[in-house]
Structure formats: structure tokens, C-alpha cells
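Engineer: Have a look at this prediction, sequence included:
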Amino acid sequence: MSSLISIQSVSKSFTKGKTVITPLDQLTLEVARGEFLSLMGPSGSGKTTLLNLIAGIDTPTSGEIIINGENIAALSRAQLTKWRSVHVGYIFQLYHLVPILSAYENVELPLLLSKMSRAERREKVLAALDLVGLADRADHRPSELSGGQEQRVAIARAIVHDPDLLVADEPTGDLDRESADSILQLLNELTEKFGKTVIMVTHDPKASAAAHRSLQLEKGKFIEDGHLLNKQPAEQ
Ligand SMILES: Nc1ncnc2c1ncn2[C@@H]1O[C@H](COP(=O)(O)OP(=O)(O)OP(=O)(O)O)[C@@H](O)[C@H]1O
């Protein structure tokens with residue numbers, strides 16, 4: 001598999017008054033196209049900071065983040081916004097669906113920014129809802145869906161514009177085990193059947209075990225290369 005993401009010596013610091021916090025310290029990471037990678041680590045270890053850099057929501061203090069051959073660390077804010085709208089789908093712990101809109105309308109939202117016709121949008125929204133197994137719930141509002149179904153709608157919204165990369169921050173954190181497992185299976189399918197690359201932050205070892213590879217962050221550094229479940233790790 002070719003590399004989709006190449007992170008070279010990336011550091012991120014935040015300055016608050018006289019205090020400088022460096023949640024990420026000289027990180028290097030390669031992520032293959034079609035890989036499902038999980039990021040674990042204690043609270044405050046820099047997981048969300050790293051996810052936000054990879055998703056182009058924030059920019060590093062130093063280093064390069066090359067995605068699909070493009071160094072996104074060198075893009076302006078406006079260029080990053082445009083880049084993100086094409087290449088990235090973001091999945092949140094608490095779904096972030098708009099309560100007054102139907103599942104269909106929530107999934108359609110990212111497409112309203114494009115020049116697509118209504119008919120083209122309809123085709124894409126129905127295909128995304130079908131892919132997550134909710135074609136029959138298009139007219140339902142979030143309050144009429146279970147948590148697992150809400151997360152499926154949120155995943156349909158994240159994939160409707162066909163991004164290469166999906167980033168998920170604790171996507172199963174608010175779900176019971178059964179719903180969590182079905183969301184993890186869906187994320188796995190998105191990598192294996194549709195070639196998406198998924199990067200997931202989680203505190204749940206079982207969720208992490210569903211990924212192809214798990215990395216542990218501690219104080220802004222990777223402390224170990226975790227187990228590889230779907231591929232065999234090299235013998236130590
Ligand atoms: N915008 C910001 N300004 C200042 N400090 C920040 C900012 N964003 C994050 N930090 C700090 O960076 C560190 C890492 O935060 P981050 O949210 O990446 O951790 P995390 O591993 O995702 O934690 P959690 O598991 O609790 O979500 C923390 O000390 C946090 O306070």
C-alpha cells in the first residue's frame with residue numbers, strides 16, 4: 001500500500017501568556033492509503049491536537065504534513081479550508097447533527113457548498129445513507145434515531161463528498177458495546193471496501209483493537225508501535 005500521509009518532525013506548541021505548552025514534540029508518522037489507524041494515550045497526550053493537524057483544522061508550529069503529495073502545513077487558512085472540504089471527513093463523539101434537520105438534510109449539508117445540482121446531490125446523499133444502512137431512515141430527525149444510528153448518519157455526512165481521509169475523535173465514546181462494534185465494523189469496511197484511510201482517537205482498547213494498527217501517544221511522543229491485528233507484526 002502506498003503512503004497517504006507522511007508526517008515529518010511535526011511539533012505543535014500553544015502559548016498562553018508566559019506559558020508554552022508543547023502537546024506534540026517532533027513526531028514522525030507514515031499512514032498507508034486504506035489503513036485504519038487508532039491513536040490512544042492518556043488525557044492531554046496530544047491525540048486531538050494530532051488529529052486536528054492531520055485534518056487541516058490546525059497548523060503545526062514546525063515540520064511537514066504531506067497528504068497525497070501536498071504539504072498541508074504550508075497552506076494558508078483559506079487554502080486549508082478548501083483542501084479540507086475536498087479531502088477530509090470528520091466524525092465526532094457526539095455526532096454533531098443538526099437537530100431540526102432530517103437525516104437526509106444533515107447528510108446533504110456538506111454538498112450545499114458545492115455547485116452540484118439538486119439531482120446530483122440527491123444521488124450522493126441516498127448512496128451515502130444506503131452505505132451506512134439507513135436508506136429507510138432518510139426522513140427521520142436525530143431525536144428519532146438511536147445513538148448508533150445518529151453516528152451512522154454522521155458517518156454518511158463525513159463520506160458524502162467522497163474524501164480520501166476520515167478522522168474520528170472518540171467515535172464510539174458515547175455508544176453501548178453493540179452499537180460501538182457495529183460502528184467499528186463500518187469504519188473497517190470503509191477502509192477495506194472503499195479504500196478510505198481512517199484515523200481514530202479512542203480511549204477504548206476494544207475499539208483500538210478493531211483498527212489495523214494502534215499507536216500510543218504520551219506527552220506528545222509515540223511510546224510504542226502497537227499490535228497489528230489484520231496484518232502480522234514483525235517478530236521482535
Ligand atoms: N488551543 C489550545 N490552546 C492551548 N492549549 C491547548 C490547546 N489545544 C490543546 N491544548 C493543550 O494541549 C495538550 C494536549 O491536548 P489534546 O486535546 O490534544 O489531548 P488529548 O490527548 O486529545 O486529550 P483527551 O484524551 O483528554 O481528549 C493539553 O495540555 C491541552 O490543554
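Structural biologist: Everything's here; your move.
Engineer: Quick one: the helices in this protein, in order.
Structural biologist: 47-54, 77-87, 103-108, 118-131, 147-159, 177-192, 205-209 (DSSP state H).
Engineer: Adding mean pLDDT, mean neighbour count and distance to Asp139 as columns, could you present the ones you listed in CSV?
Structural biologist: C-beta: built from backbone N, CA, C; applies to glycine. Supplementary listing: the helices of the chain in CSV, determined by pLDDT from 0 to 100; neighbours: other CB atoms under 10 Å; distance: least, CB to CB, whole Å:
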stretch, mean pLDDT, mean neighbour count, distance to Asp139
helix 47-54, 95, 22, 32
helix 77-87, 93, 14, 27
helix 103-108, 97, 24, 7
helix 118-131, 96, 16, 11
helix 147-159, 96, 24, 12
helix 177-192, 95, 18, 21
helix 205-209, 94, 17, 31
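Engineer: who's the residue nearest to Thr191 when sequence neighbours are not counted bridged to?
Structural biologist: Closest residue to Thr191 apart from its sequence neighbours, by CB to CB, 6 or more residues apart in numbering: Phe36 at 4.5 Å. The partner list for Phe36 in beta bridges (DSSP bridges) reads Val198.
Engineer: what's the burial count for Phe36?
Structural biologist: Residues within reach of Phe36, counting by other CB atoms under 10 Å, total 27.
Engineer: What separation do you get for Leu111 and Ala55?
Structural biologist: To Ala55, Leu111 is 19 Å away according to CB to CB, to the nearest Å.
Engineer: Neighbour count for the two, which is higher?
Structural biologist: Set Leu111 next to Ala55 and count neighbours by other CB under 10 Å: Ala55 wins out with 23 against 19.
Engineer: Who are the contact partners of the residue lying closest to that one once chain neighbours are set aside?
Structural biologist: Nearest-residue entry for Ala55: Val167, 4.6 Å, with adjacent residues in sequence omitted and distances by CB to CB, 6+ apart. Residues counted as contacts of Val167 (CB atoms under 8 Å, 6 or more residues apart in numbering) are Leu51, Ile54, Ala55, Val88, Gly89, Tyr90, Ile91, Val198, Ile199, Met200.
Engineer: Go through the residues you listed and say which is closest to the ligand.
Structural biologist: Within those, the smallest distance to the ligand is 7.6 Å, found for Leu51 (CB to the nearest ligand atom).
Engineer: for the ligand, what are the nearby residues on the chain?
Structural biologist: Phe14, Lys16, Ile21, Pro23, Gly41, Ser43, Gly44, Ser45, Gly46, Lys47, Thr48, Thr49 (CB under 6 Å from any ligand atom).
Engineer: quick one: the last one from Ala119, how far?
Structural biologist: Counting by CB to CB, the gap from Thr49 to Ala119 is 41 Å.
Engineer: same thing with Leu50?
Structural biologist: 39 Å.
Engineer: Same check on Leu109?
Structural biologist: From Leu109 to Ala119 the distance is 17 Å (CB to CB).
Engineer: who does the residue sitting nearest the centre point of the chain bridge with?
Structural biologist: In the chain, the residue lying closest to the centroid (CA atoms, centre = their mean) is Val167, at 0.8 Å. On the basis of DSSP bridges, Val167 is bridged to Tyr90, Ile199.
Engineer: ok, now Glu70?
Structural biologist: Ile67.
Engineer: just checking, Gly148 touches Leu184?
Structural biologist: No. The criterion here is CB atoms under 8 Å, and Gly148 misses it with Leu184 at 11.0 Å.
Engineer: Run a quick neighbour tally on Ile72.
Structural biologist: Ile72: 23 neighbours (other CB under 10 Å).
Engineer: Which pLDDT value belongs to Leu229?
Structural biologist: If you check Leu229, the pLDDT there is 33.
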